[in-house]
Every structure is written in C-alpha cells, then in structure tokens.
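# give me a model of this one.
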Amino acid sequence: MLFLSTLYWLMFLLLGTYTLVRFNLRISRPASMPQGAKIFVANHPSVSDPFLLSFAIRQHAHILIAEEVFNIRPFGTLLRSMGFIPVIPHQGRLAFDQAVEYLQQGRNVMIFPEGHISPLEGGFLAFHSGAARLALATGAPIIPAGIHIQRTRIKTLTMKSGSEDIPAHWYFNGPYTITFGEPMYFDGDLENRSRVEDVTRTLQVEIQALTEISMLQMDAEFGNPVLAR
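Next up is the predicted model:
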C-alpha cells in the first residue's frame, strides 16, 4: 500500500505541473468537506476527467474506470498500480465490492456514473446506479461535481485496447471548470430498487445543475467559442 500511495502522489505532482501549465483550471468547492471516506461523483465530458478531478480534490481516490482502458499498454499497468478499479462488462459486482472495501477502510472512491464519455455534442448519458448503491451500502457521503469544458478543444485519438482500436476523447489544454456541491447523504435499503433509482435521479439532477453553473462561469470568463464563430 505504501508503494501505491507513493506512486499515486508522484503522478499527482507530474500531473499538477502539466495542469498548471496547460489548463485554465477553475475550481469552486464547498466551505468544507467531511473527514473520512467519500464518494466523488461527476459527469464525464473527456478521458482527461479522472486525472484533472484527482488534481482538484487533492486527495487519494480509487477511481472506477472501464476495463478497456486498462488494456491499453502500458497505461493499464500504471492505473492498476495506482489502485484504480476496472469495471468489467457484465461483472460490475467485482468493481462494486472492491469500492465498498476501500470505503470501509476509510478511503475515497471516484465514479463517473454515465459509464462512458458524455455525448460530444453536449448533454449527458443516463446515470448508472453504482454511485447510489455505494452510498446506500456504506453510508459514505457523496461529493457531487459538475465539469464543463470547451468541446471544440476535444481531441479524438485512436488507441489500441488489447486487439481492438478504440476512440479516446482527450482534453489536453484550455479552460476547465469544476463546481463541487455540498456533501450528500443517503440512507435506505440497498435492495429497494425504487430507492436506488430515486437516489440515482437525485444525483443526476444535482450534477447537471452543477455542470450548468460551471458552464456559466466559463462562458463569463472565457466566452463561448461556438457562439463566437
């Protein structure tokens, strides 16, 4: 675990240097965050989000990421070494159980409930229930975040995952705005489907609202590159 922590913070320092040079990062945080285990939940407009959100929270978090990313060499080896959690298709329970274990140990978890990158034209994918179920299973607070970027700056690169070529939508530079909401606490029966769906809807509404705030903040400071054309 010491090796994992050391590697994580080494990457954090390297990422921080790149971020400060290449991004106009704007972060709005609540007055304070609770101590102990937390579940960071955000929308997902680019592949860069897990790294930039990690820089923004400045805390170690175990991030749930699609398994196909772990099959990109040597990228996947690095992610595993840093304690990221692969989400395997049709085997989501494995990732869920690992995340629960980390939370019960007092560690942070980060999850992007859309499951994939948000639509390139804007908007959101329907949220999966993983974040809601983690909150109900552990009692850990959710820290919601809304991310907004200038989509005209997204660069789509083809990367090889195992034997397959997959598109990856990266955001390498430019304005990047994150608005965090107040901690959200949920209780209820994890096996109660309607309760899980209700929490999931509540999270989606909150994160969409925070993303709207981030968008307005970015447009006020940097303008809208689409409207400026």
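# show me where this protein dips below the pLDDT cut-off.
Of all residues in the chain, those with pLDDT under 70 make up the ranges 1-5, 7-8, 74, 226-229.
# let's see that with 50 instead.
For the chain, residues meeting the criterion pLDDT under 50 lie at 229.
# phi, psi of I207?
phi -70, psi -30 (degrees, to the nearest 10).
# from memory it sits against H44, does it?
No - I207 lies out of contact with H44 (CB atoms under 8 Å); the separation is 10.0 Å. Glycine gets a C-beta too; all of them are placed from N, C-alpha and C.
# tell me how many other residues crowd the closest residue to A95 other than its chain neighbours.
Leaving aside its sequence neighbours, A95 sits nearest to V87 (CB to CB, 6 or more residues apart in numbering; 4.5 Å). When neighbours are counted by other CB atoms under 10 Å, V87 registers 24.
# ok, and A95, which helix or strand is that part of?
Secondary structure here is read from DSSP states H and E; on that basis A95 sits in helix 92-104.
# which helices and strands sit right next to that helix?
Taking 3 or more CB pairs under 8 Å, 6 or more residues apart in numbering; DSSP states H and E as contact, the helices and strands that helix 92-104 lies on are strand 61-66, strand 85-87, strand 108-111, helix 130-138.
# buried deepest among these, which one?
Mean neighbour count, computed with mean count of other CB atoms under 10 Å, is highest for strand 108-111 among these, reaching a mean of 26.
# direction included, what does that one pair against?
Neighbouring strands of strand 108-111 in its sheet, by DSSP bridges, are strand 39-42 (parallel), strand 61-66 (parallel).
# which SSE is the nearest residue to A132 once chain neighbours are set aside in?
Closest residue in space to A132, ignoring its immediate chain neighbours: V199 at 3.8 Å, by CB to CB, 6+ apart. With elements taken from DSSP H and E, the one containing V199 is helix 193-222.
# next, the buried residues of that helix.
Neighbour counts using 16 or more other CB atoms under 10 Å place 195-196, 199-200, 202-204, 206-207, 210-211, 214-215, 217-219 of helix 193-222 among the buried residues.
# against M184, how distant is P89?
Taking CB to CB, to the nearest Å as the measure, P89 falls 28 Å from M184.
# which of the two has more neighbours?
M184 (17 against 8).
# can I assume the more buried one is in contact with E206?
Yes - in terms of CB under 8 Å, M184 counts as a neighbour of E206; the distance is 7.0 Å.
# okay, and the common contacts of those two?
Common contacts of M184 and E206 (CB atoms under 8 Å, 6 or more residues apart in numbering): P144.
# still on that earlier bit, now the helix holding A95: buried residues?
For helix 92-104, the buried set under the neighbour-count rule, 16+ other CB under 10 Å, comprises 92, 95-96, 98-100, 102-103.
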